[in-house]
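Q: Dropping the sequence and predicted coords here.
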Amino acid sequence: MNDTDHLLEIARENQLGSHLDGYAKSEKMEELREEEALDLISCRLAESIDTMLDLKKELMGEYGDMKHLDFKEMILDEVEGML
């Protein structure tokens, strides 16, 4: 192997290393984006549940027994709407 071939081989290895580093960084960024999306969904879900529970308390205060309203179903509908 002459010096030129050796230098080309080193260049290829370095280029492959750069591609692998770039791939690893993009994988990490994708994981971070997924975590951020899940955090955002969790926050919105918590806010929606709090809002519905506040509404339930308000309605119960105004109308008394609200057993006929299915708040669990309302919450599940809200979750499905977020997904």
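A: That came through, no problem.
Q: Which residue ranges of this structure form helices?
A: Secondary structure of the chain (DSSP state H): helices at 3-63, 71-82.
Q: State the mean pLDDT of the last one.
A: In this model, helix 71-82 has a mean pLDDT of 71.
Q: thinking again about what came up before, mind putting the helices of the chain in a markdown table, mean neighbour count included?
A: C-beta coordinates here come from the backbone N, C-alpha and C atoms, glycine included. Below are these laid out as a markdown table (neighbours: other CB atoms under 10 Å):
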| stretch | mean neighbour count |
| --- | --- |
| helix 3-63 | 11 |
| helix 71-82 | 12 |
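Q: looking at these, which has the lowest confidence?
A: helix 71-82 (a mean of 71).
Q: packing partners for it?
A: helix 3-63 (3 or more CB pairs under 8 Å, 6 or more residues apart in numbering; DSSP states H and E).
Q: Okay, angle between the helix it packs on and helix 71-82 too, please.
A: Angle, helix 3-63 to helix 71-82, by axes from the mean of the first three to the mean of the last three CA atoms, to 10 degrees: 150 degrees.
Q: The chain should start at 32 in everything you say after this.
A: Sounds good: first residue 32 from here, last item helix 34-94.
Q: Point out the other helices and strands that helix 34-94 packs with.
A: Against helix 34-94 (3+ CB pairs under 8 Å, 6+ apart) you get helix 102-113.
Q: neighbouring contacts of the helix it packs on?
A: Helix 102-113 is contacted from outside by I72, R75, L76, S79, I80, M83, L84, K87, using CB atoms under 8 Å, 6 or more residues apart in numbering.
Q: cutoff 10 Å now
A: The contact list for helix 102-113, computed with CB atoms under 10 Å, 6 or more residues apart in numbering, reads 71-73, 75-76, 79-80, 82-84, 86-87, 90, 101.
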